[in-house]
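**Student:** Give me a 3D structure for the following:
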Amino acid sequence: MASSPVSDSRTDQTYLMVASPHAGRKGSSEHYRPKIISTVGQRPAVLVSASVTYVGNNEIYAFGGFDQYTDEVYNHVLRLNLDTRQWNLVDNYGDIPGVRMGHSASLWQGDKVLIFGGENEHRAYLADVIIFDLKTAHWTQPEIFGTPPRNRARHSATIYDDKLFIVGGLCGIENSTILDDFCFLDLKTWTWSRTWRFVARFDHTSWVWGNRLWVFGGLTEGMERVSDIWWLDLKQSLMVSGQMSIGRRRSPLSKHSRPHYPQAPPPTSGGSGYAANSSSVQVAQASQQTARRLPMAPGSISSVSFVSGPNIPSPSLGMHFHAYSSGCLLNFVTPAVTGALETNLCALELDTMRWQKLADGKDLFSPGYRWHYCTLNEEGTHAWLLGTSTEAQSNNGAGGGGPGEYLSDVLSVDLRKLGLLGNSMVYDPVNEGANLPLEDLSSSGPLAGIGADLARMFDRSPESGSGADFVVTGQKEDDDSELGDEESIHRSEGASPSRPIYVHRLILEARWPHFARMIAAQMAEFHTKKLHIPEPYSVVRAFLLYLYTDRITEIGDHGPTLDDVAGMLVMANIYDVPRLRLLCRNRLGRELDIEHAAVIWERAGIASEEWLQRRAARFCMVHWGRIVRTAGFLNLKRTAMMELCQEIDAEGRVIGADELEAVGGLGGARIGGSVSREQRYLRNGSTGQDEDEEDESMDL
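**Tutor:** Residues are numbered from 1 along each chain as shown. This is a model prediction of the structure:
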């Protein structure tokens, strides 16, 4: 991007960084739609209760599972290379586990998968721990200490801080019992903690965030699908367990004391075309954990039950996949067997307990596919759904050997395109510096401790001893308030600069590639040590502060507002700063409100953020009566105002509050959606919400 001097009448020798006109700011990026990958090779059958795990390097591993058409239970290890789209049956060695289903598989240390529990072909529940080394394809069973938990299947498992947390599941010999306990295995000492009572669930999801163990969804004793969320404070639980695990006693499941079981009959080939592995089918010895009443967990236990709301997914509709990412619970609602229902991707923000709809199903899920498994990478930035084509399945039928019976397709979803930051960038609510990025709190992070120090040196004159050696100016805030469309496009000509912002050239070079290229080319700014950016002063200052601190959150009464962040989104697009673009997209999506919705919609369009623009447009249409009375809407350029008005469906109309209340529609609706607000309220059993209430209702 070239720089040009201003008029000769100017004496301060400040040079302009020419900005692209509004009409030309939109990038070439097209509307984001997840890709469907069709696979080849030794594809696994659509097994029930198998484990599917993303292990990095663009590879997914599948293990075990039950074929509902042949009644076969497997212990195959299959690998999918997402680059070549090829499935391969992995030759594996060592202490190969017996066939199982309903087990858990957790990625550990980046190159190992920990398998726990499950049930075998005799419907016997297991409680063993087996490790699969991804590099050597060898199975090992570590020597375990302490009293293991009860045998179980269809539980949840998650690894955090070198501990494998186990929650709930099914257990029992004749009649299945729903377990209400939790415990953890210390992966450094291989010692089981004691077991505590928590919440009775199976087929649920659990994860650890903010020093809390969270549990969502699943089935209860009445086989009812629920959507309440529970969490347990782990500080007290871990402290008590650490005091109790000093004296170890060997588990009956250690490999040195494992009992001998007779050799299983030779395996037969199932519907997938694979024979079982060559090892014996082992049945773990029953755990010593008795069915006596367990003590309650020492930490505080809390729960929230969600009653109704426009963004709260109904557990009885569609097929749900739950996963944790970026401080949020993700809920993928995919098409069910019974037919086409409303599908979407919603997120529950754990810090605010607010549900938000990230995307409609029509933007994610192509018709004609059913999805059976979901897996995320450790960073929480990408999700993969494994499934099959319903057309191929119906053509081939059960047992037909056609592609419809296999996990033949993969839906690849980039969650960053939907406003999620990823686990490495979310804020940690446990630490005192909760507003600082995670890497700024970590001793090993690239910005460890430096962000707060540099913030104290930002925008201080050289006379104060700050060492500032460069001056940046922006546009005066009142210069473009009355400009028309044509004037705003050429606002850089004869621009009136704002007051100076004092910065350090070295920091801008290190953090802003565009600035570094400009200095390396020894352009005019290199000599004058002055730069003018034709954007509002507050936006330019917020952008420069981000370069110092790597953050865009407000600090008390300071820091960028939502208007500033919307402007920074445009600057991130112009100057190609992808990290800033992701941060802006996330904050604007999370904090979208009536006052700023119109501005966010406009800036998102300029920055080619179509997901954010559609979300802001939907919000504007829902709250149109209040949106048109905000300063943000009234300050829109005429063309932008006309474009926003055209976001409504061609057959849409504006109705009054009395008519809307009569059909139970106050509180929101969809743009051009097939499900009316009245139908949504009837479906969720809602009794209506107050007009000013934007968040979903919940019982504590």
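
**Student:** so where is this protein shaky, pLDDT-wise?
**Tutor:** Per-residue confidence of the chain (counting by pLDDT under 70) places the weak regions at 1-31, 173-174, 237-292, 337-341, 392-404, 427-452, 478-495, 554-558, 657, 659-700.

**Student:** For I159, see how far away the spatially most central residue of it is.
**Tutor:** Within the chain, one residue has its C-alpha closest to the average C-alpha position: by CA atoms, centre = their mean, that is S325, at 3.4 Å. In this structure, S325 and I159 are 15 Å apart, going by CB to CB, to the nearest Å. All C-beta spots, glycine's among them, are computed from the backbone N, C-alpha and C.

**Student:** what's the answer for D233, then?
**Tutor:** If you measure D233 against I159 using CB to CB, the figure is 19 Å.

**Student:** mind checking the backbone torsions on V539?
**Tutor:** As for V539, its main-chain torsions (degrees, to the nearest 10) stand at phi -70, psi -40.

**Student:** G146 and W192 touch, don't they?
**Tutor:** Yes - the pair G146 / W192 is scored as a contact, 3.6 Å apart, by CB atoms under 8 Å.

**Student:** between these two, which one's more packed in?
**Tutor:** More crowded of G146 and W192, by other CB atoms under 10 Å: W192, with 27 against 22.

**Student:** Ramachandran coordinates for the more buried one?
**Tutor:** Dihedral angles phi and psi of W192 (degrees, to the nearest 10) take the values phi -80, psi 140.

**Student:** Name whatever forms a beta bridge with it.
**Tutor:** On the basis of DSSP bridges, W192 takes part in beta bridges with L185.

**Student:** where's it relative to N120, distance?
**Tutor:** 21 Å.

**Student:** what sits opposite the residue nearest to the centre of the chain in the beta ladder?
**Tutor:** Beta-bridge partners recorded for S325 (DSSP bridges): C328.

**Student:** these two touch, right, W192 and R150?
**Tutor:** No - between W192 and R150 there is no contact, the gap being 11.4 Å when judged by CB under 8 Å.

**Student:** in stretch 622-639, what's buried?
**Tutor:** Of the residues in stretch 622-639, those buried under the neighbour-count criterion (16 or more other CB atoms under 10 Å) are 622-624, 627, 630, 632-633, 636-637.

**Student:** quick check, nearest of the residues you listed to A542?
**Tutor:** Proximity of the buried residues of stretch 622-639 to A542 was ranked by CB to CB; the top entry is G632 with 17.1 Å.

**Student:** and V55, what does it touch?
**Tutor:** V55 makes contact with 61, 107, 110-111, 113, 134 under the criterion CB atoms under 8 Å, 6 or more residues apart in numbering.

**Student:** again, 6 Å this time
**Tutor:** For V55, the set of contacting residues under the criterion of CB atoms under 6 Å, 6 or more residues apart in numbering consists of 61, 107, 134.

**Student:** Repeat that for S106.
**Tutor:** Under the criterion of CB under 6 Å, 6+ apart, the contact partners of S106 comprise 114, 157, 159.

**Student:** give me phi/psi at E525?
**Tutor:** As for E525, its main-chain torsions (degrees, to the nearest 10) stand at phi -60, psi -30.

**Student:** Report whether the expected contact of it with I533 is present.
**Tutor:** No - using CB atoms under 6 Å as the test, E525 is too far from I533 to be in contact (10.7 Å).

**Student:** The two: who's more crowded?
**Tutor:** More neighbours sit around I533 than around the other of E525 and I533, counting by other CB under 10 Å; the figures are 26 against 23.

**Student:** Can you name the helix or strand that A650 falls in?
**Tutor:** Remark: A650 resides in no helix or strand, with elements defined by DSSP states H and E.

**Student:** Just want the phi and psi numbers for it.
**Tutor:** Given degrees, to the nearest 10, the pair of backbone angles that A650 has is phi -60, psi -30.

**Student:** okay, now it: neighbour count?
**Tutor:** Applying the criterion other CB under 10 Å, we find 6 residues in the vicinity of A650.

**Student:** Doesn't G387 lie inside a helix?
**Tutor:** No - assignment of G387 by DSSP: H, G, I helix; E, B strand; the rest coil gives strand, placing it outside any helix.

**Student:** ok, it touching H372?
**Tutor:** Yes - assessed by CB under 6 Å, G387 is found in contact with H372 at 5.2 Å.

**Student:** between those two, who's got more neighbours?
**Tutor:** Neighbour count, other CB under 10 Å: between G387 and H372, G387 has more, with 23 against 17.

**Student:** what residues are up against that one?
**Tutor:** Neighbours of G387 in contact, by CB under 6 Å, 6+ apart: 369-372, 409.

**Student:** For it, give its distance to S303.
**Tutor:** In terms of CB to CB, G387 sits 32 Å off from S303.

**Student:** now swap in H155 and tell me
**Tutor:** When CB to CB is applied, the distance between H155 and S303 equals 19 Å.

**Student:** ok, now R579?
**Tutor:** The gap separating R579 from S303 is 36 Å, by CB to CB.

**Student:** contacts for stretch 405-424?
**Tutor:** When contacts are defined by CB under 6 Å, 6+ apart, stretch 405-424 is touched by residues 32, 34-39, 43-45, 325-326, 358-359, 379-388, 582, 585-586, 589, 611.

**Student:** One more: stretch 596-603?
**Tutor:** Counting contacts by CB under 6 Å, 6+ apart, the residues outside stretch 596-603 that touch it are 562-563, 566, 569-570, 588, 613, 616-617, 619-620, 627, 632-633, 636, 640.

**Student:** Among the residues you listed, which lie within strands?
**Tutor:** Among the contacts of stretch 596-603, no residue falls in strands (DSSP state E).

**Student:** and the buried residues of stretch 622-639 as JSON lines, adding distance to P142?
**Tutor:** Formatted as JSON lines, the entries for the buried residues of stretch 622-639 read as follows, by distance: CB to CB, whole Å:
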{"residue": "V622", "distance to P142": "54"}
{"residue": "H623", "distance to P142": "56"}
{"residue": "W624", "distance to P142": "61"}
{"residue": "I627", "distance to P142": "59"}
{"residue": "T630", "distance to P142": "61"}
{"residue": "G632", "distance to P142": "59"}
{"residue": "F633", "distance to P142": "62"}
{"residue": "L636", "distance to P142": "63"}
{"residue": "K637", "distance to P142": "65"}
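
**Student:** In the residues you listed, find the pair that's most separated.
**Tutor:** V622 and K637 (23.0 Å).

**Student:** Let me know whether A607 touches G567 as I believe.
**Tutor:** No - checked against CB under 6 Å, the pair A607 and G567 is beyond contact range at 9.8 Å.

**Student:** So what's the residue count around the nearest residue to S38 once chain neighbours are set aside?
**Tutor:** In space, not counting the residues next to it along the chain, S38 is nearest to D409; the distance is 5.6 Å by CB to CB, 6 or more residues apart in numbering. D409 has 23 neighbouring residues, counting by other CB under 10 Å.

**Student:** and what of the one 5 residues further on?
**Tutor:** A count of nearby residues for D414, using other CB under 10 Å, gives 13.

**Student:** Same question for K417.
**Tutor:** By the measure other CB under 10 Å, the count of residues near K417 is 20.
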